[in-house]
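Peer 1: following is a predicted model, sequence given first.
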Amino acid sequence: MPSTATSRTLTIYLGKEGRERNALVKNRDGVKPKQVPVGKAVIGTLLIDPPAGKPPSWASFFEGYVDAREFGKVSSSSAILLLPVQNRWMAIAFGQGRHLLASDALEDRFGLRVALNCIDEKKIRSIDKQTFDAIARHTLEQATHEATAGEFGFDIERDLLRAVTGTPRIDDYGKRMTGMDALSVNVRIQLSDLYDLLEIYQRKFFDDSYQDSFPWVDQIAYVSDPALETDLNNAVTKLLRDKQFDRCWLAVPDILDWSRVSGFRYSRANRAPELYDIHLPKFIEDLQNPNNLSAAGLKNRRVYCMGENDDIIKSWSVFDCLYCELDQDGKSYVLNAGRWYIMENDFVKQVNDSFARVPVYSGKFIDYDDATEARYNERLVKLNSANYCLMDRNLTHHGGAMEFCDIFSKAKELIHIKRYGGSATLSHLFYQGVNSAEFFQMDTEYRKLVRGKLSAPFRIFDPAKRPQPEEYHVVFGIISRSDKPLTMPFFSRVGIRHAMRRLQGFGYKVSLAKIGVATSRKVFQKIRPKSVRN
């Protein structure tokens, strides 16, 4: 680019294939089109949304005391430059111009792909990621100096890359570049050179060479195309109407304090039955018109988590509780906590193969027939007090409260028990198991605290000595009402894979145990008595 050109920050979007120019823009009154000539040619169309002056937003604080007109008026200009580049339309937003664009006509992750193809993998300045862990965290991390993704602590198996900022390898591509759906780039440019630069960015979008430096980027991605999201919602509701529940189920999407939970209801009506747990076939069975089921209906219906005093602890839409895995048009999709994700098929296969190799616990636990996990743990220990020591809710405080395990056995088993739930619930189970086992292995003071909480017959280790991890067995017991072999949401399968690697890296044995639910508990319903009128 000419050295005399001014540095500018451009925010660039790419239209989808086959979309005409007008499809990229929302219908909006007052927008003025203006042809932009460069030399003898028209480079594109500039759509200008004239600013409408209004009092500043903070003026309302003084309403009734000061006339808003005394503060003057503020305004912001908006414009979009639309250009035909190769066989696509591209758009550059100025001011608040992004609000003029129709998001369903734009390419998802255009900016991210371009940025990954342009920036130096060792010159990343910030990453925006979502972590699928005990708590789904959305994090924007910035570095004081340029670094690699690994130096940001990016976990290639459990983190979804939303956006990245870095320095391009070639100066002409820009001084700084941020990619998400849009590409934001600070570049020295003048209008006459714009078309050539946009042509480069468009080629970079279709280039797969970023996979050499960032091969993990496409493992997990959001579905942000509204049309595809609608197709997937229609596909899953058809499965439910046809009662095909093999890869769909309901699960509580949040981590709960189960000691407070009495049950669940699908309605706030006075005579609505209270259920032990949420269950997809039961929900469909109770619908008046299951053949009319739609995604909108699932989003409008609620699941209520009830407390002992008939109070609502939490509630979610049924759609947010719905988990589903779909294979469509050769691609794998996951619906989790109300959002669709697209998965790279090879990554799905790796995770599923790893889950299939998780050892199954060879022991046997009694069926769950209790109001809470705590009561189940107490009953399990009482029935086998010679071999089990109750540690549930018996917290150690060492750099924060931590639970060693729910039950510790004389066979040196660290047993962690959790009722089946969504990804957050199960990931929390694995997170707890990994943390306690690592502290037990690495920290003498922690071992002293744990030993002090064990009853005398179970003080079978010397806290001053580092334990031999091959003598210990971490068991994850999951309470499930399903009669089928234990399965779990995709992100939880990723979680157990990660947990196994960490624990086996320390030398621990690890296994999964499915804890059944008593038949009487599965069908258990509480119905409030009819109110008596005087």
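Peer 2: Done, it's in.
Peer 1: helices of the chain, residue ranges please.
Peer 2: 110-118, 194-206, 210-213, 226-241, 280-286, 295-300, 318-321, 345-356, 373-383, 423-442, 444-453, 490-506, 519-522 (DSSP state H).
Peer 1: pick the most buried one from those.
Peer 2: Stretch with highest mean neighbour count among those: helix 110-118 (a mean of 25; mean count of other C-beta atoms under 10 Å). Bear in mind the C-beta positions are built from the backbone N, C-alpha and C, glycine included.
Peer 1: got a list of contacts for that one?
Peer 2: Outside of helix 110-118, the residues within contact range by C-beta atoms under 8 Å, 6 or more residues apart in numbering are 12-14, 161-166, 168-170, 173-174, 177-184, 201, 204-205, 207, 209-210, 213-214, 217.
Peer 1: for Asp218, give its distance to Pro168.
Peer 2: Using C-beta to C-beta, to the nearest Å, we find Asp218 at a distance of 21 Å from Pro168.
Peer 1: where do the strands sit along the stretch 1-150 of the chain?
Peer 2: 6-14, 32-38, 41-49, 78-85, 88-95, 119-131, 137-147 (DSSP state E, counting those that start in this stretch).
Peer 1: the fifth one pairs with which strands, parallel or anti?
Peer 2: Put plainly, it is strand 88-95. Strand 88-95 has these partner strands in its sheet, going by DSSP bridges: strand 6-14 (antiparallel), strand 78-85 (antiparallel).
Peer 1: so which of these comes closest to Tyr341?
Peer 2: Nearest of the strands paired with strand 88-95 to Tyr341, taken as C-beta to C-beta: strand 6-14 at 21.9 Å.
Peer 1: first-to-last residue distance for stretch 323-339?
Peer 2: The first and last residues of stretch 323-339 sit 9 Å apart, counting by C-alpha to C-alpha, to the nearest Å.
Peer 1: same check on stretch 252-269?
Peer 2: Start-to-end span of stretch 252-269 (C-alpha to C-alpha) is 21 Å.
Peer 1: what's the nearest residue to Gly421 if we skip its chain neighbours?
Peer 2: Of all residues not flanking Gly421 in the chain, Val252 sits nearest, at 4.7 Å (C-beta to C-beta, 6 or more residues apart in numbering).
Peer 1: residues near that neighbour, how many?
Peer 2: If you count neighbours by other C-beta atoms under 10 Å, Val252 ends up with 23.
Peer 1: please apply the same query to the one 3 residues further on.
Peer 2: Look at Ile255: counted by other C-beta under 10 Å, it has 17 neighbours.
Peer 1: and it, what pLDDT?
Peer 2: Note on Ile255: pLDDT of 77.
Peer 1: from Ser423, how far off is it?
Peer 2: Distance of Ile255 to Ser423, given as C-beta to C-beta: 10 Å.
Peer 1: likewise Arg459?
Peer 2: Distance of Arg459 to Ser423, computed by C-beta to C-beta: 36 Å.
Peer 1: ditto for Asp49
Peer 2: Asp49 is 42 Å from Ser423, by C-beta to C-beta.
Peer 1: what's opposite the residue nearest to Val358 when sequence neighbours are not counted in the beta bridge?
Peer 2: Among residues not flanking Val358 along the chain, Leu512 sits closest, at 5.2 Å (C-beta to C-beta, 6+ apart). On the basis of DSSP bridges, Leu512 is bridged to Val360, Phe476.
Peer 1: low pLDDT regions in the chain?
Peer 2: Residues of the chain meeting the criterion pLDDT under 70: 1-4, 40, 62, 74-75, 132-138, 141, 144, 524-534.
Peer 1: show me it divided up by domain.
Peer 2: 226-343, 373-520 (automatic domain parsing).
Peer 1: any chance of the ones you listed in JSON lines, plus distance to Asn27?
Peer 2: Output for the domains of the chain, formatted as JSON lines (distance: least, C-beta to C-beta, whole Å):
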{"stretch": "domain 226-343", "distance to Asn27": "16"}
{"stretch": "domain 373-520", "distance to Asn27": "39"}
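Peer 1: doesn't Ile80 make contact with His99?
Peer 2: No. The criterion here is C-beta atoms under 8 Å, and His99 misses it with Ile80 at 9.6 Å.
Peer 1: higher neighbour count, those two?
Peer 2: Between His99 and Ile80, counted using other C-beta under 10 Å, the more crowded position is Ile80 (25 against 12).
Peer 1: TSV for the strands paired with strand 88-95, including distance to Asn270?
Peer 2: TSV is the format used below for these (distance: least, C-beta to C-beta, whole Å):
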stretch	distance to Asn270
strand 6-14	52
strand 78-85	52
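Peer 1: tell me the most buried of the ones you listed?
Peer 2: By mean count of other C-beta under 10 Å, these have strand 78-85 as the most buried, with a mean of 20.
Peer 1: and the contacts of it?
Peer 2: With contact meaning C-beta under 8 Å, 6+ apart, strand 78-85 is reached by 21, 24-25, 36, 43-49, 51, 89-97, 99-101, 194-195, 198-199, 202.
Peer 1: swap in 7 Å and give it another go.
Peer 2: By C-beta atoms under 7 Å, 6 or more residues apart in numbering, the surrounding residues in contact with strand 78-85 are 21, 24-25, 36, 43-49, 89-97, 99-101, 195, 198-199, 202.
Peer 1: just stretch 12-31 next, same as before
Peer 2: Here stretch 12-31 makes contact (C-beta under 7 Å, 6+ apart) with 47-50, 80, 82, 88-92, 100-102, 105-107, 110, 182-183, 198, 201-202, 205.
Peer 1: which among the residues you listed end up buried?
Peer 2: Buried members of the contacts of stretch 12-31, counted by 16 or more other C-beta atoms under 10 Å: 47-49, 80, 82, 88-92, 100-102, 105-107, 110, 182-183, 198, 201-202, 205.
Peer 1: tell me which of the strands paired with strand 88-95 lies nearest to Arg521.
Peer 2: Closest of these to Arg521 is strand 6-14, at 53.5 Å (criterion: C-beta to C-beta).
Peer 1: count of residues packed around Cys405?
Peer 2: The burial count for Cys405: 24, using other C-beta under 10 Å.
Peer 1: mind checking how far the closest residue to it other than its chain neighbours is from Asp257?
Peer 2: In this structure, Cys405 finds its nearest non-sequential neighbour in Leu414, 4.1 Å apart by C-beta to C-beta, 6+ apart. As judged by C-beta to C-beta, Leu414 and Asp257 stand 22 Å apart.
Peer 1: next: Arg502.
Peer 2: Noted for Arg502: a distance of 26 Å to Asp257, by C-beta to C-beta.
Peer 1: show me what contacts Arg393?
Peer 2: Ala374.
Peer 1: for Arg497, find the nearest of the strands paired with strand 88-95.
Peer 2: The nearest among the strands paired with strand 88-95, by C-beta to C-beta, is strand 6-14 at 35.0 Å.
Peer 1: CA atoms of the closest one as PDB?
Peer 2: Output of strand 6-14 as PDB, limited to C-alpha atoms (Å, rounded to 0.1, in the frame of the first residue of the first chain):
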ATOM      1  CA  THR A   6      -3.700   7.000   6.200                       C
ATOM      2  CA  SER A   7      -4.100   4.200   8.700                       C
ATOM      3  CA  ARG A   8      -7.800   3.300   9.200                       C
ATOM      4  CA  THR A   9      -9.700   0.700  11.100                       C
ATOM      5  CA  LEU A  10     -12.100  -1.100   8.800                       C
ATOM      6  CA  THR A  11     -14.800  -3.500   9.900                       C
ATOM      7  CA  ILE A  12     -15.500  -5.900   7.000                       C
ATOM      8  CA  TYR A  13     -18.200  -8.500   6.400                       C
ATOM      9  CA  LEU A  14     -18.600 -11.100   3.600                       C
END
